[in-house]
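J.: need the 3D shape of this:
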Amino acid sequence: MARTARLTAALVVALLLVAAVLVWRFGWGPAPASAPARVGGQLVATIRSEPRTFNRYIGRDAASETVSLLTQAKLVRVNRTTGEIEPWLADSWTLAPDGVSYTVKLRPGVTFSDGVPFTSADVVFAFEALYDDTVASPVADSVTVGGKRLEVSAPDATTVVIRFPSPFGPGLRLLDNVPILPKYKLEAALRAGTFASAWGPTTPPSEMSGLGPFVLEEYQAGQRLVFERNPHYWRRDPDGVTLPYLDRLILEIVPDQNAELLRLQAGETDLTQSEVRPEDYATLKRQAEAGRLRLEDVGIGLDLDSLWFNLKPAAKARDPRRAWLQSGELRHAISEAVDRRAFAESVFLGAAVPSYGAVSPGNTRWYATDVPADPYDPGAARTLLAGLGLVDGNGDGMLEDRSGAPVRFTLLTMKGNSPLERGAAFLREELRKVGISVDVVPLETGAVVQRIEGGDYDAVYFRFQASDTDPAVNLDLWLTSGAFHVWNPSQMAPATEWERRVDDLMRQQVSSLDEGQRKWLFAEVQRVLAEHRPLLTFAAPRFLVAISSRVAHATPAPMRPPVLWNPDILAVRR
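T.: Numbering: from 1, shown residues only. Coordinates of the predicted model:
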């Protein structure tokens, strides 16, 4: 008995030591006791870039998404902490025996921010605008099933019938992508063919309205966006208090992460659009110990930093000598040339795990653990490169192609994002070891997106922002017809047999109502992608969030924005 007691005591001490180490390194541990919140006041957050538009159907950039989360609402939403679907503007719904028709009852008494009643006509209009070919919405692909659109009708003012073209595994979950915009404000623009330019950055805030918790009051380009509480917002807390709690929320535009950190430390801002950089952890931990900040580890992040090459045929046509840039062997060689464990230690200071595929291991529901992973093997990488005719012909340690031209490409990345810049630099040095020269070019976010959309690049190292953990809701990435199939988007027909295979698998995956089968099918997708490597990832970072001690009711999630995804319950502590 005494021996057991001693062992138990030793185990407790060991566990406490482990816990102390985890708290020291990552800030793990119980959240502080929740202090009472008050109604009113304001919070200040930071975002990294300008919104490209205030029309979510047109803009997929992070800033436009954040503005939409603050000012608009959806029929249903996905809770980013639980992963479950929740009724939002939809009060309830039923699925017909045919397995494809949903009858949705709208929440009664809801009005837009200017007091105009919300009805089923707004829902029908929203889908009409989303699917209109003249709008060319980048969101539309994510609200299709098997390449076909949903049919939306309104038998009365409070009822919507949504008919899917075929059975769809996630059901209404994909509607989390569709904020409902006001028909009375935007119908004229749709009829005139100007919807795609409506609600641009120069639109006066008074001309816009929404169903979200806040309204845009002021926009100063390059500086800030000011949001006031929506006086007609429809949600209430469990005690019947009308939400949002805040009177005002300010988004300061701070492209540089160092400046963002200084503002957070100085108490000038309360939260950020993104997670804590690993190099900032020690500094912020001291702030947390002093009671000025809260640090929370919400797990392995869902969004991965990815490397991909421009596989559009036009890119090859521009410079036929560089056909090796589009070869699968090059991507295979790069994957084996990079030491992922060293990458995780160097780029994320150890607060990451190696990543080998297009899906983060943090997405535990859909991540396939048995997908083959490329080993770190620079020798094998050189052999693959030699098979492409890329050899060191002059003995300088760097490779040349068959024409004698240096094996060199340009890698675009996001300026001011230190993990991306550090990751791109690490890749440059790793590839130099196997004879490949890489010119890293950091650009502002908008410029990177513009180059990607225009197909004007060799390769990109950038961060995807997942809209959902369920792969069926991100079909614009997986399908060759998708506008976000970044390496070769919007294909009329699959350019390769392996992409055709992914298309077929994903169409089966989305139509199955059996979750076990859906998981197997998506695991097969991950195996195909692991073989052909259109997206190369190297590490999945832990997601650390810093929040001012002034903030109450925050529910951080491992997706961006980690806190502002749930803005109506944010409050100022008493």
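
J.: now stretch 222-236: average pLDDT?
T.: Averaging pLDDT along stretch 222-236 yields 97.

J.: tell me the helix or strand right after the worst-scoring helix or strand of the chain on mean pLDDT.
T.: Least confident element among the helices and strands of the chain, by mean pLDDT, DSSP states H and E: helix 2-26 (a mean of 34). Helices and strands here follow DSSP states H and E; after helix 2-26, the next one along the chain is strand 37-38.

J.: and the helices in the stretch 101-250 of the chain?
T.: In the stretch 101-250 of the chain, the segments counted as helices under DSSP state H, counting those that start in this stretch are 120-131, 183-192.

J.: tell me the most buried of those helices?
T.: Ranked by mean neighbour count, the helices of the stretch 101-250 of the chain are led by helix 120-131 with a mean of 20 (mean count of other C-beta atoms under 10 Å). Every C-beta, even on glycine, is put in place using the N, C-alpha and C of the backbone.

J.: returning to what we had before: make CSV from the helices of the stretch 101-250 of the chain and add mean pLDDT to it.
T.: What follows is the helices of the stretch 101-250 of the chain, written out as CSV (pLDDT from 0 to 100):
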stretch, mean pLDDT
helix 120-131, 98
helix 183-192, 98
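
J.: turn the ones you listed into a markdown table, including distance to Phe54.
T.: Converted to a markdown table, those look like this (distance: least, C-beta to C-beta, whole Å):
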| stretch | distance to Phe54 |
| --- | --- |
| helix 120-131 | 14 |
| helix 183-192 | 11 |
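
J.: among these, which comes closest to Glu50?
T.: Comparison of the helices of the stretch 101-250 of the chain against Glu50 by C-beta to C-beta identifies helix 183-192 as nearest, at 21.8 Å.

J.: chain center to that closest one: distance?
T.: In terms of C-alpha atoms, centre = their mean, to the nearest Å, the centre of helix 183-192 is set 29 Å apart from its chain centre.

J.: give me the contact list for it.
T.: In this structure, residues lying in contact with helix 183-192 by C-beta atoms under 8 Å, 6 or more residues apart in numbering are 116, 121-122, 124-126, 128-129, 132, 135, 195, 197-199, 207-209.

J.: listing request: residues of the protein with sub-threshold pLDDT.
T.: 1-36 (pLDDT under 70).

J.: just checking, what's the longest strand in it?
T.: Counting residues, the longest strand found in the chain (DSSP state E) is strand 539-548.

J.: how's the protein carved up into domains?
T.: The chain breaks down into these domains under automatic domain parsing: 72-196, 198-299+545-573, 305-541.

J.: list the contacts for the closest residue to Pro489 other than its chain neighbours?
T.: Setting aside the residues directly before and after it, Pro489 is nearest to Ala483 in space (C-beta to C-beta, 6 or more residues apart in numbering), at 5.4 Å. By C-beta under 8 Å, 6+ apart, the contact set of Ala483 is 138, 141, 476, 489-490.

J.: got it, and Ala129?
T.: Going by C-beta under 8 Å, 6+ apart, Ala129 touches 57, 135, 137, 181, 186, 190, 195.

J.: hang on, the earlier thing: for the domains of the chain, which one sits closest to Val44?
T.: The closest of those to Val44 is domain 198-299+545-573. By C-beta to C-beta, the value is 4.7 Å.

J.: tell me how far that closest one lies from the chain's centre.
T.: Computed by C-alpha atoms, centre = their mean, the chain-centroid distance of domain 198-299+545-573 equals 17 Å.

J.: before we move on, back to that, could you work out the most separated pair of the contacts of Ala129?
T.: Greatest spatial distance among the contacts of Ala129 (C-beta to C-beta): Ser137 and Leu186, at 12.7 Å.

J.: so what's the most centrally placed residue in the chain up against?
T.: Centroid check for the chain by C-alpha atoms, centre = their mean gives Gln465 as the closest residue, at 1.5 Å. Shown in contact with Gln465 (C-beta under 8 Å, 6+ apart): 62, 65, 303, 559-560.

J.: between the residues you listed, which sits nearest Leu390?
T.: Within these, proximity to Leu390 (C-beta to C-beta) peaks at Asp303, which comes in at 32.3 Å.

J.: returning to that earlier point: which of the helices of the stretch 101-250 of the chain sits closest to Val438?
T.: Going by C-beta to C-beta, the one of those nearest Val438 is helix 120-131, 39.1 Å.

J.: and the angle from that closest one to helix 183-192?
T.: Between helix 120-131 and helix 183-192, the angle comes out at 30 degrees (axes from the mean of the first three to the mean of the last three C-alpha atoms, to 10 degrees).

J.: and for the helix or strand where Phe343 lies, what's in contact with it?
T.: Following DSSP H and E, one finds Phe343 within helix 340-348. Under the contact criterion C-beta under 8 Å, 6+ apart, helix 340-348 has outside partners 278, 350, 352-356, 376, 419, 422-423, 426, 430, 538-539, 541-542.

J.: restricted to strands, list those residues.
T.: Among these, the residues falling in strands (DSSP E) are 352-354, 539, 541-542.

J.: please identify which pair of those lies farthest apart.
T.: With C-beta to C-beta as the measure, no two of the ones in strands among the contacts of helix 340-348 lie farther apart than Pro354 and Arg542, at 12.8 Å.

J.: I'd say Ile47 and Thr66 touch.
T.: Yes - counting by C-beta atoms under 8 Å, Ile47 does reach Thr66; the two are 6.0 Å apart.

J.: quick revisit: export the contacts of Gln465 as a markdown table, with columns for neighbour count, secondary structure and distance to Leu443.
T.: Shown next, in a markdown table, are the contacts of Gln465 (neighbours: other C-beta atoms under 10 Å; DSSP: H, G, I helix; E, B strand; the rest coil; distance: C-beta to C-beta, whole Å):
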| residue | neighbour count | secondary structure | distance to Leu443 |
| --- | --- | --- | --- |
| Ala62 | 20 | helix | 15 |
| Glu65 | 21 | helix | 20 |
| Asp303 | 20 | coil | 19 |
| Met559 | 22 | coil | 24 |
| Arg560 | 24 | coil | 19 |
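
J.: where do the helices sit along the stretch 401-550 of the chain?
T.: All helices of the stretch 401-550 of the chain, identified by DSSP H, counting those that start in this stretch, fall at 418-433, 445-454, 475-478, 497-511, 515-532.

J.: figure out which of those is closest to Ser327.
T.: Closest approach to Ser327 among these is made by helix 515-532 (10.7 Å; C-beta to C-beta).

J.: in that closest one, what counts as buried?
T.: For helix 515-532, a neighbour-count test (16 or more other C-beta atoms under 10 Å) marks 518-519, 521-526, 529-530, 532 as buried.

J.: in three-state terms, label Arg365 for me.
T.: Following DSSP: H, G, I helix; E, B strand; the rest coil, Arg365 is assigned to coil.

J.: state the distance from the nearest residue to it once chain neighbours are set aside to Asp401.
T.: Nearest residue to Arg365, sequence neighbours excluded (C-beta to C-beta, 6+ apart): Thr469, at 6.1 Å. Thr469 sits 41 Å away from Asp401, going by C-beta to C-beta, to the nearest Å.

J.: now swap in Asp132 and tell me
T.: Distance, Asp132 to Asp401, by C-beta to C-beta: 46 Å.

J.: give me the number of residues near the residue nearest to Arg365?
T.: Neighbour count of Thr469, defined by other C-beta atoms under 10 Å: 22.

J.: wait, doesn't it sit right on Asn363?
T.: Yes - applying C-beta under 8 Å, one finds Thr469 in contact with Asn363, separated by 5.1 Å.

J.: hey, what's in contact with both of the two?
T.: Both Thr469 and Asn363 are contacted by Leu302, under the criterion C-beta under 8 Å, 6+ apart.

J.: does the residue nearest to Ala337 when sequence neighbours are not counted count as helix, strand or coil?
T.: Spatial nearest neighbour of Ala337, chain neighbours left out: Ala381 (4.0 Å); criterion: C-beta to C-beta, 6+ apart. At Ala381 the chain is in helix, as set by three-state DSSP.
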